[in-house]
Each structure stands twice: as structure tokens, then as C-alpha cells.
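Peer 1: can't give you the sequence, but here's the structure:
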């Protein structure tokens with residue numbers, strides 16, 4: 001039996017309503033999806049490996065997808081991976097506080113570590129770190145910029161911010 005040969009990581013760029021998103025992965029799965037602040041052309045040719053990710057990200061932004069089902073392979077510590085797994089439990093259109101996530105993990109005193117792991121999430125929108133807010137309801141830190149976090153939350157729940165007055 002021959003040892004498994006790892007293919008090199010591949011990257012593509014995809015245009016989204018929030019800017020260019022860069023997707024990185026290999027045969028083991030998608031390892032990173034990040035939003036870029038600089039302009040870059042999106043790729044015209046999509047390798048087969050990335051077709052599910054591209055289709056699902058596009059469907060999400062069209063409002064047709066609430067849950068991603070991709071082969072993922074994020075790099076991180078065991079604790080970070082536990083936090084990221086917990087973020088996947090936050091339903092579409094809802095938010096949790098950092099304290100809520102800490103409690104769910106049984107690590108109430110680890111709220112800062114949970115927040116740090118949340119900030120290291122390598123899979124933008126797929127692992128919904130944008131759904132984590134401050135205990136007071138504030139839009140606290142977001143690697144992609146608070147304006148993107150606000151946009152994503154409004155996209156997922158367009159009626160939650162409407163006022164009666």
C-alpha cells in the first residue's frame with residue numbers, strides 16, 4: 001500500500017456582496033475561507049474541489065441556504081476546534097453572547113479564551129462567528145469589520161432590527 005500523497009493547498013477567489021472571499025483547501029477539505037479587504041479579481045475557473053463551497057456560499061448570499069454542509073479541515077488547537085464546533089450550534093438568524101458559548105462549553109470562566117478562539121475562526125460565515133455578540137447585545141469585535149458583521153446578521157434576520165416607531 002502506498003502512502004497517501006497530499007496535494008498542495010489550492011486557493012480561489014470568489015466575489016460576494018461583502019467583498020472578495022478567498023477559499024483555501026486540499027483533498028482533506030476546506031481549511032480557510034476569509035474575506036479580503038483588498039480588491040482582487042474572482043476566479044473564472046473553479047476547480048472541482050471548490051464547487052460545493054462556491055455553490056453554497058453563493059446560495060447563502062442569495063438567501064437560499066441556512067446551513068453549510070462542506071468537508072471542512074480547519075487548523076487550530078483542540079480548544080479552538082471545540083469552540084468552533086459550538087458556534088455551529090447557533091441557529092441561523094439567532095445570536096449568542098460569548099458568555100452563552102462559554103456556558104454551553106461548561107467553561108464559564110474561559111470567556112476570554114472563547115472570545116479569542118472565536119476571533120481565530122478560519123472559516124468565515126461557514127462557522128458563524130458573526131452570530132456571537134456581547135452580553136449587552138453590542139456588536140463586539142469581528143475580524144471582517146463590524147459593518148460586515150451587521151450586514152450578515154441583518155441578512156440572516158432582516159426583521160429583527162425593525163422598529164415600531
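Peer 2: Noted; the coordinates are in hand. Treat the numbers as computed from the prediction; the structure is a model and nothing was measured.
Peer 1: the closest residue to residue 107 other than its chain neighbours: what's it in contact with?
Peer 2: Nearest residue to residue 107, sequence neighbours excluded (C-beta to C-beta, 6 or more residues apart in numbering): residue 114, at 6.9 Å. To be clear about C-beta, it is placed using only N, CA and C from the backbone, and glycine gets the same treatment. Taking C-beta atoms under 8 Å, 6 or more residues apart in numbering, we find residue 114 in contact with 83, 98, 101-102, 105, 107.
Peer 1: quick one: low-confidence ranges for this protein?
Peer 2: For the chain, applying pLDDT under 70 flags the ranges 1-7, 159-165.
Peer 1: could you pull out the strands for it?
Peer 2: Under the criterion DSSP state E, strands of the chain are mapped to 10-16, 19-26, 29-35, 96-97, 132-133.
Peer 1: just put these in CSV and tack on mean neighbour count.
Peer 2: Listed next are the strands of the chain as CSV, based on neighbours: other C-beta atoms under 10 Å:
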stretch, mean neighbour count
strand 10-16, 15
strand 19-26, 19
strand 29-35, 18
strand 96-97, 18
strand 132-133, 22
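Peer 1: the residue nearest to residue 107 and residue 154, how far apart?
Peer 2: 24 Å (C-beta to C-beta, to the nearest Å).
Peer 1: then residue 42?
Peer 2: Taking C-beta to C-beta, one finds residue 42 at 24 Å from residue 154.
Peer 1: equivalent analysis for residue 64, please.
Peer 2: Where residue 154 is concerned, residue 64 sits at a distance of 17 Å (C-beta to C-beta).
Peer 1: which one of these two is surrounded by more residues?
Peer 2: residue 154 (12 against 9; other C-beta atoms under 10 Å).
Peer 1: list the contacts for residue 79?
Peer 2: Residues near residue 79 by C-beta under 8 Å, 6+ apart: 113, 117.
Peer 1: should've said residue 78
Peer 2: With C-beta under 8 Å, 6+ apart, residue 78 has no contacts at all.
Peer 1: residue 124 too?
Peer 2: 21, 33-35, 144.
Peer 1: widest-spaced pair of those?
Peer 2: Farthest pair in these (C-beta to C-beta) is 33 and 144. Separation: 10.8 Å.
Peer 1: one step back: got a winner among the contacts of residue 114 for most neighbours?
Peer 2: That'd be residue 83 among those, by other C-beta under 10 Å, with 29 neighbours.
Peer 1: so that one is in contact with residue 105, correct?
Peer 2: Yes: using C-beta atoms under 8 Å, residue 83 makes contact with residue 105 at a distance of 6.9 Å.
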